[in-house]
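Enquirer: Need coordinates for the following:
(one chain, ligands or ions: 1)
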Amino acid sequence: MSAVRGGFSSRLGFILAAAGSAVGLGNIWGFPTQTASNGGAAFVLVYLVLAFCLAYPAFMAELLIGRYGQANAVTSMEKMSRNLWQKRFAFIVGFGGIICAALILSFYGILAGWMMSYAIEPVTSLLGYSEASSWLTSQSITRNLIFTALFMMLTISIIRRGVEDGIEKWSKRLMPMLIGLLILLIIYVFTLEGSREGFVAYLNPDISRIFEPDLLISALGQAFFSLSLGTSVMVIYGSYISKKENLVTLGAQVTLIDVSIAFLAGLLIIPSMYVAQSQGVAIFSDEGALISGPNLVFDVLPSLFDGMGAIGLFVGFGFFVLMSIAALTSSISMLEGPVSFVVERHNIERKRATTFIGFGIFVTSALIVLNFDALFGLVISISTVYGQPLIAMLCCVFVGWIWQRSGILAEIKLGNDTVEHSLFWKIWPWYTKFICPSAIAIVFYHSL
Ligand code: PHE
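Expert: Just a heads-up that it's a prediction; the model follows:
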C-alpha cells in the first residue's frame with residue numbers, strides 16, 4: 001500500500017520535510033515579534049519549556065495517528081474508531097484539521113507573497129527601477145493578487161509531484177539553504193554597532209515575568225502554530241514514515257530543529273532591532289512596548305537594510321528570500337492535507353486534485369485580498385487562534401481516550417522495541433490523556 005501511496009524514502013527526507021512544515025513564517029516572523037513584545041528572554045525561556053513539554057507530546061499523538069492509519073487524517077482516525085459515534089468524531093476532527101490547513105494556507109499565501117515581493121525589491125533597486133521598487137513595497141490589490149498567485153503556483157507545482165519527488169526533494173534542498181542563510185546573517189548582524197544590547201535582551205531573562213498569563217498564553221499558542229499542530233498536516237506526514245522508524249526520536253529531532261530555528265531567527269532579528277534603534281529608527285515606545293508589532297519585519301528591517309548602504313540590498317535580498325523559502329516548505333505541507341484527503345477518499349488523480357484544490361484556496365486568498373480589512377484578521381483568528389488549538393486538543397483526546405492503550409503501544413513499538421521500558425512510555429500516555437487536553441483547553445478558553 002505504501003508503495004502506491006508514496007512515502008518518504010529516507011529518515012532524513014522525513015525529518016527535513018516535517019521540519020520544513022514546522023519552520024515557517026511562524027518561526028522567523030512570528031516568534032521574534034512575540035519575543036520582542038513579550039519581555040525578550042523571558043518569553044524565549046517559557047517558549048522552550050512549553051514546546052518540549054506540551055507541543056512535543058501533542059505532536060507525537062498526531063504522528064502516531066498517521067503512521068498507524070497509513071492514510072489521510074480522516075481515514076486514519078476512522079480506523080481507530082470502534083463504533084459509529086467514534087467514527088463521526090473521527091470525521092469531525094480529521095476534516096476540521098483539513099479545513100483548518102486550507103484556511104491557514106489562504107492567508108499564509110498572501111503573507112508569503114509579501115515576502116516574495118520584498119525579496120525582489122532589492123533587485124529592482126539595484127537596477128535603478130525606483131517606481132517598480134515602490135510598487136513592490138506598497139500595499140495594493142494588484143501586487144497582492146499577483147504575488148499570492150505566484151506563490152500558490154510554486155506550492156501547487158511541488159505538491160503535484162507527490163511525496164518523494166516533490167515534498168521530500170524540495171525540502172531537502174530548501175531547508176539547508178535556509179539554515180545556512182540564517183547563520184550568515186546572524187554573523188553579519190553581530191559585527192554591527194548596537195547588536196550587543198540586543199543579544200543581552202534576547203539571552204538574559206527577567207525571571208519575574210515568566211508567570212505573566214499573557215506571556216504564557218502567547219508562548220503556548222506560538223509553540224502549537226510552529227509545530228503545525230491541529231491541521232492534519234503532521235498526521236499525513238506521519239503516514240508517510242516507514243514502520244521501521246523510531247517515531248519517538250524522529251518527533252524529538254523535528255521539534256529540536258523547529259525550536260532551534262525559531263531561536264536562531266530571534267538571534268538575528270532581536271539584535272537587528274537594536275542595531276536599527278542605534279541608527280535612530282524608533283522601535284520601542286517610552287514605556288518599552290514594541291512600536292511596529294506585526295509589521296516589524298516589513299517596516300523596521302528594510303529601513304535597517306537601507307542604513308547598511310549597498311550591502312543592505314544583498315542582506316535584504318537574502319533575508320526575504322529566506323522568508324519565502326521558509327514559507328514555501330510550510331505551504332506545501334498545508335496543501336498536502338486536503339490533497340491527500342481528496343486523492344485517497346475520492347480516487348481523484350493527484351495532479352488534478354492538487355490543481356483544483358490549490359485554485360480553490362487561491363480564490364479564497366483573492367477574496368481576502370479584495371476584502372482585506374474585514375477578512376484577513378478574521379481568517380487568521382478562526383484558523384490559528386480557535387481552529388488549531390481546538391483540533392490539536394481533540395487529537396489528544398482521540399489518542400488518550402478512544403485509541404486503546406495496547407494499540408498505541410503496538411504502534412509505537414514498531415521501530416522502537418524497548419519503548420515499553422522507557423521514560424517516554426511512562427509519562428507520555430498519561431500526559432496526552434490529561435495534561436495536554438487541559439492545557440490546550442485553558443489556552444482556548446483564554447483566547448475566547
Ligand atoms: N508551522 C508553520 C510556521 O511556523 C505554519 C503552519 C501551520 C504550517 C499549520 C502547517 C500547518 O510557519
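
Enquirer: Near the ligand, which residues of the stretch 101-250 of the chain are found?
Expert: 101, 104, 225-226, 228, 231, 233 (CB under 6 Å from any ligand atom). (Each C-beta comes from the backbone N, C-alpha and C, glycine too.)

Enquirer: Quick check: the two most widely separated of these?
Expert: Greatest spatial distance among those (CB to CB): Ala101 and Ser226, at 14.9 Å.

Enquirer: So which of these two has more stuff around it?
Expert: Taking neighbours as other CB atoms under 10 Å, Ala101 and Ser226 compare with Ala101 leading, 32 against 25.

Enquirer: what's the helix or strand for the more buried one?
Expert: Under the criterion of DSSP states H and E, Ala101 resides in helix 84-126.

Enquirer: Over to Lys243?
Expert: Under the criterion of DSSP H and E, Lys243 resides outside all helices and strands.

Enquirer: do the same with the one 10 residues further on
Expert: Here Gln253 is covered by helix 247-278, with elements defined by DSSP H and E.

Enquirer: Among the residues of the stretch 101-250 of the chain next to the ligand, show me the least confident.
Expert: By pLDDT, Phe225 ranks lowest within these, coming in at 90.

Enquirer: Out of the residues of the stretch 101-250 of the chain next to the ligand, which comes closest to Met323?
Expert: Ser226 (14.9 Å).

Enquirer: check contacts around the nearest residue to that closest one once chain neighbours are set aside.
Expert: Nearest residue to Ser226, sequence neighbours excluded (CB to CB, 6 or more residues apart in numbering): Gly26, at 4.6 Å. Neighbour list for Gly26: 222, 225-226, 262, 330 [criterion: CB atoms under 8 Å, 6 or more residues apart in numbering].

Enquirer: quick check, nearest of the residues you listed to Leu390?
Expert: Minimum distance to Leu390 across those is 13.2 Å, recorded for Phe225 (CB to CB).

Enquirer: What distance do you get for the nearest residue to that closest one once chain neighbours are set aside to Gln86?
Expert: Closest residue to Phe225 apart from its sequence neighbours, by CB to CB, 6+ apart: Gly26 at 4.9 Å. With distances taken as CB to CB, to the nearest Å, Gly26 is found 32 Å from Gln86.

Enquirer: do Ser208 as well
Expert: 46 Å.

Enquirer: so who does Val44 touch?
Expert: Per CB under 8 Å, 6+ apart, neighbours of Val44: 35, 202-203, 205, 263, 266.

Enquirer: just these: which has the poorest pLDDT?
Expert: Pro205 (87).

Enquirer: okay, now that residue: neighbour count?
Expert: Number of residues near Pro205 (other CB under 10 Å) recorded here: 17.

Enquirer: Let me know the helix or strand that it is in.
Expert: Here Pro205 is covered by no helix or strand, with elements defined by DSSP H and E.

Enquirer: quick one: contacts for the closest residue to it other than its chain neighbours?
Expert: Closest residue to Pro205 apart from its sequence neighbours, by CB to CB, 6+ apart: Ala41 at 3.7 Å. Ala41 sits next to 201-206 when contact means CB under 8 Å, 6+ apart.

Enquirer: returning to that earlier point: assign the residue nearest to Phe225 to helix, strand or coil.
Expert: Under DSSP: H, G, I helix; E, B strand; the rest coil, the three-state class of Gly26 is helix.

Enquirer: show me the contacts for the closest residue to the ligand within the stretch 51-200 of the chain.
Expert: Proximity of the stretch 51-200 of the chain to the ligand (CB to the nearest ligand atom) peaks at Ile104, 5.1 Å away. Ile104 makes contacts with 231, 334, 383-384, 388, as judged by CB under 8 Å, 6+ apart.

Enquirer: Who wins on neighbours among those residues?
Expert: Counting neighbours by other CB under 10 Å, Thr231 comes out on top of the contacts of Ile104 with 33 neighbours.

Enquirer: was I right about it contacting Glu336?
Expert: No - using CB atoms under 8 Å, Thr231 is not in contact with Glu336, being 10.4 Å away.

Enquirer: which residue packs closest to Ser228, ignoring adjacent ones?
Expert: Ser228 sits nearest to Ser21 (CB to CB, 6+ apart), 4.9 Å away.

Enquirer: Could you count how many residues lie near that neighbour?
Expert: 27.

Enquirer: right, and it touches Tyr237 too?
Expert: Yes - with contact defined as CB under 8 Å, Ser21 and Tyr237 form a contacting pair (6.6 Å).

Enquirer: so what sits against both of those two?
Expert: With CB under 8 Å, 6+ apart, Ser21 and Tyr237 have common neighbours Ser333.

Enquirer: who's sitting farthest from the centroid in the protein?
Expert: No residue in the chain sits farther from the centre than Gly128, which is 35.6 Å out by CA atoms, centre = their mean.

Enquirer: what's the pLDDT at it?
Expert: 93.

Enquirer: what about Ser208 and Gln86, which has more around it?
Expert: Neighbour totals were compared for Ser208 and Gln86, and Gln86 leads with 17 against 9 (other CB under 10 Å).
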